[in-house]
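**Q** next come a sequence and a model predicted from it.
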Amino acid sequence: MKLELGYIDINNIEFSSESKVENGTLYVNQDAITKMILEDENIKSVKLDIAHPGDSVRITPVKDVIQPRVKVEGPGGIFPGVISKVDTVGSGKTNALRGCAVVTAGKIVGFQEGIIDMTGPGAQYTPFSKLHNLVVVCEPVDGLLQHDYERSVRMAGLKTATYLGELGKAITPDETKVFETPSLKEGMKLYPDLPRVVYVQMLQSQGLLHDTYVYGVDAKRTLSTMIYPTELMDGAIISGNCVSACDKNTTYHHLNNPVVQDMFAQHGKTLNFVGVIITNENVYLADKQRSSDWTAKLCELLGVDGAIVSQEGFGNPDTDLIMNCKKIEGKGVKTVIITDEYAGQNGKSQSLADADPAATAVVTGGNANQVIVLPKLDKVIGTLDYVDKIAGGHEGSLAADGTITAELQVITGATNELGFNCLSAR
Amino acid sequence: MSLRIVHYINQFFAQIGGEEKADIPAELREGIVGPGSAFQAAFKGEAEIVATIICGDSYFGENESKAKAEIIEMVKGQKPDLFIAGPAFNAGRYGYACGTIAKAVKEELGIPVLTGMYIENPGVDQAKNDVLIVSTKNSAAGMRDAVSKMAPLALKLAKGEPIGASIEEGYIPNGVRVNFFEKERGSQRAVNMLLKKLAGKPFTTEYPMPNFDRVEPNPAVKDLAHATIALVTSGGIVPKGNPDHIESSSASHYGKYDIEGVTDLTEATYETAHGGYDPVYANQDADRVLPVDVLRDMEKEGKIGKLHRYFYTTVGNGTAVASSAGFAAEYAQELLKDNVQAVILTST
Amino acid sequence: MSFFILTNNPRVQKLQEEGLEVLFSEASYVGILQQARDMIHKGHRLLTHPLSGSVKPKEGPYKSVMLSSNQGALDRESLELIENAIITTEKFPDKSPYWTPKVLDDLALVDYTLITSALPSAQA
């Protein structure tokens, strides 16, 4: 399967009477988007706002971040099974608006987390501070249940991103990259001497605020399976996850999966990237066992030499991660895992909730319990109502002068377990 | 004003002599002696070694508490901003002295301390979680390298600046996880690590798994009715009055006590030395921790052959794993010699 | 497999009305984990991960755990999971000052959805 991914560089967003992309600026017609979002009867009001890198702006509570993309050629459309029909994606041509994102914010539950600071010390921990963000803040109709609100905000973000992505359909990309995954048979012929490696992506799948969708299917109810890496680039996987801001994978992360990119960069040179195995992180222990058994079985069937396993979330996924690692290593496949740590504020506690001697090669996204002080910024998009209550915040987190003292876990994407960032710990 | 530093070295680095001079007592000399000059140069005027303390390794090892007290007095008198010990490279007793005295100075005088050792120096394990130990080469030929890592860290410590992660600053990981920014993103690091792992080349994990010191259980004792069973505990049960002064935490030794003819541990005869749990119930009836009474019953009923004449005891509270393993290695030999077939190990 | 749910969440307690076996306790978050640990020592097996969900321990008061009704020999994996969960829980700060009625309601719902997400598998 082969995909040409065209990047259209966006270095500014402005509100305008007409939505378009011109000379690197994304012009956004507020009314068109507001109208589209309000078609959902669960949403009472919507407010759009723009945040640029370096602005004295704090966005919170962040639900999802999405890169606008559009299918230019080839079957299917972006976000198959959710926005587009369920046709298989991942081939042909896709354009992406690089340098910008849609950020959804809204207080879905009373303790929700997720801060994006566009400047100051918090900004260096979130990759989204470097993007021009269109922030969509949705208010629910009165009495709306949390499930329905979550779904409505998720859909509002995806619809907005799709709308903006369409604006790039006819634009000539600033850069085009070609990603191709040959069939197993062809791959072995093409690269007979290269080690064959697979990427195992674990998806959060535990219930309200913890779900991930694959072609519209709730990942909880799936068995471990294979997917082409280019399918991810067309939005085959989307996030319905609102908790654990620092180590949840937003839809933006899924679209721009860094393991996929860095494996592709070595594909045909030092390794043969055979594809992606997706597997879930369920609450029920027998599900964990079945899914990790299945993952190891797929590795064996594919006859790979190596695997990278990435994680999402905190606590019980440590068990999935260790099970996957142990079982894949047990098949004689060399394995590297990517995780993050909860080593306590003093850094002295045991970092993971599970461990095994088979996990000899670990990459860490840093200690999420590290305390950080975020100074007051001029403008808040969303609400600070819950900053005291968010994970890692504590009594007096939000000082009278607007300073927030909290753990790194409040920052969206700070300790990402796909290896999206440079942050690490020793 | 430049920062004041006191430097600790052994007889060898003071060029007094080797093993034959290892028993010289601690002495204080004004200014720089031996390797201090390399530090002084590296400080570039920001700090000054105001005094050097020289102590023989044997003297320190054989008179530890006396030597510690003497050296602390010497350091105190200098009112330094920082205390540097060594580097000790791979010299075991020197390493032990550097780690021990640095820890004592830090705890008793509350000033920052720094030492340096080769990763395999036996002094590393006992001190690495208490004081920063810069990782050095294994011999004094690595002095220049050691100073180049220790001097900047020393200045940071003396100025009270934040200390980065072990990999940035060059100290041996001390059990405290510190965040920092790598040059490459995590996924790139994972791919690189995988390529190394696939090629069988050395790689370094970013998070070493906790040490799994798992012991495979021995096969079951087939004939309990004729077996000699010993009791061992980390619950601190000792004869009343704690005759061997086993510490209530971080125990430095264990006790061995004769229970010939003892059928019940009573409030009047036994107690716990353990400081890590509420001792009331253990003091009321020490059998609750060390079940002598039940085993005597079983002995009488013929369920077990006999209860071993001695029990071994220490306090598990905060006691280093290495110390505990050392105790066990010692008394396990005695148990074997005494033909004990099985041990019941109780903890709290 | 026959199972029961140990919980301190009134919302989960209501699953009784749907014919599920629920053991309700007034214990704290860590108290529920400790009760589960004691039950594991008595031979019950853990059926759901005690750190279900990425809502951090102690952020809310509610915890629900599914255990096997059958008692067999001590299941070491269950014991390790629950012990690790208790250790992990102790690392997190207590957020109880922020448990306003709205927040409590949301936390109860999330805990409810986490435990009920295991039902299709448990009842299969």
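**A** Alright, I've got the coordinates.
**Q** can you pull the contacts of residue B:154?
**A** B:5, B:39, B:43, B:47, B:82, B:84, B:114 (C-beta atoms under 8 Å, 6 or more residues apart in numbering or on different chains). Just so you know, the C-beta spots here come from the backbone N, C-alpha and C atoms, and that holds for glycine as well.
**Q** quick one: pLDDT of it?
**A** With respect to pLDDT, residue B:154 scores 96.
**Q** what secondary structure does it sit in?
**A** helix (DSSP: H, G, I helix; E, B strand; the rest coil).
**Q** so of the contacts of residue B:154, which ones are in helices?
**A** B:39, B:43 (DSSP state H).
**Q** of the contacts of residue B:154, which is the nearest to residue A:206?
**A** Taking C-beta to C-beta as the measure, residue A:206 lies nearest residue B:114 of the contacts of residue B:154, at 46.2 Å.
**Q** check contacts around the closest one.
**A** So residue B:114 contacts B:82, B:83, B:84, B:85, B:102, B:131, B:132, B:134, B:150, B:153, B:154, B:157 (C-beta under 8 Å, 6+ apart).
**Q** can you rerun that using 7 Å?
**A** B:82, B:84, B:132, B:134, B:150, B:153, B:154, B:157 (C-beta atoms under 7 Å, 6 or more residues apart in numbering or on different chains).
**Q** if we can go back for a sec, would CSV of the contacts of residue B:154 with distance to residue A:48 and pLDDT be doable?
**A** Shown next, in CSV, are the contacts of residue B:154 (distance: C-beta to C-beta, whole Å; pLDDT from 0 to 100):
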residue, distance to residue A:48, pLDDT
B:5, 60, 97
B:39, 60, 96
B:43, 57, 96
B:47, 57, 95
B:82, 56, 97
B:84, 59, 97
B:114, 55, 97
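**Q** most neighbours among the contacts of residue B:154, which one?
**A** Each of the contacts of residue B:154 was scored by neighbours using other C-beta atoms under 10 Å in any protein chain shown; the highest score is residue B:84's, at 31 neighbours.
**Q** ok, that residue - contacts?
**A** Taking C-beta under 7 Å, 6+ apart, one finds B:5, B:7, B:8, B:39, B:114, B:154 in contact with residue B:84.
**Q** recalculate using a threshold of 8 Å.
**A** Contacts of residue B:84 (C-beta under 8 Å, 6+ apart): B:5, B:6, B:7, B:8, B:39, B:113, B:114, B:115, B:150, B:154.
**Q** tell me the contacts of the nearest residue to residue A:20 once chain neighbours are set aside?
**A** Of all residues not flanking residue A:20 in the chain, residue A:27 sits nearest, at 5.0 Å (C-beta to C-beta, 6 or more residues apart in numbering or on different chains). Residue A:27 makes contact with A:13, A:14, A:15, A:16, A:18, A:19, A:20, A:21, according to C-beta under 8 Å, 6+ apart.
**Q** got the domain ranges for chain B?
**A** Listed domain ranges for chain B are B:3-169, B:224-346 (source: automatic domain parsing).
**Q** how distant is the longest helix belonging to chain A from the center of its chain?
**A** In chain A, with assignment by DSSP H, the single longest helix is helix A:146-166. Between the centre of helix A:146-166 and the centre of its chain there are 15 Å (C-alpha atoms, centre = their mean, to the nearest Å).
**Q** quick one: low-confidence parts of the stretch 151-300 of chain B?
**A** B:212-213, B:250 (pLDDT under 70).
**Q** repeat the analysis, applying 80 as the threshold.
**A** Along the stretch 151-300 of chain B, segments meeting pLDDT under 80 span B:211-216, B:249-250, B:276.
**Q** ok, the residue in it that chain A sits nearest to to residue A:197 distance?
**A** Per C-beta to the nearest C-beta, residue B:186 is where the stretch 151-300 of chain B lies closest to chain A, at 2.6 Å. Residue B:186 sits 16 Å away from residue A:197, going by C-beta to C-beta, to the nearest Å.
**Q** if we can go back for a sec, would the residue nearest to residue A:20 count as being in a helix?
**A** No. The assignment for residue A:27, made by three-state DSSP, is strand rather than a helix.
**Q** if it is in a bridge, with which residues?
**A** In this structure, residue A:27 bridges to residue A:14, residue A:20 when assessed by DSSP bridges.
**Q** one step back: phi first, then psi, for the residue of the stretch 151-300 of chain B closest to chain A.
**A** phi -60, psi -40 (degrees, to the nearest 10).
**Q** what about it, how many residues close to it?
**A** Neighbours of residue B:186 (other C-beta under 10 Å): 30.
**Q** again with residue C:102
**A** 12.
**Q** not counting sequence-adjacent ones, nearest residue to it?
**A** residue A:110 (4.8 Å).
**Q** before we move on, what about residue A:376?
**A** residue A:402 (2.8 Å).
**Q** same thing with residue A:198?
**A** residue A:304 is the one closest to residue A:198 (C-beta to C-beta, 6+ apart), at 4.6 Å.
**Q** touching, residue A:55 and residue A:119? I think so.
**A** Yes. In terms of C-beta atoms under 8 Å, residue A:55 counts as a neighbour of residue A:119; the distance is 6.4 Å.
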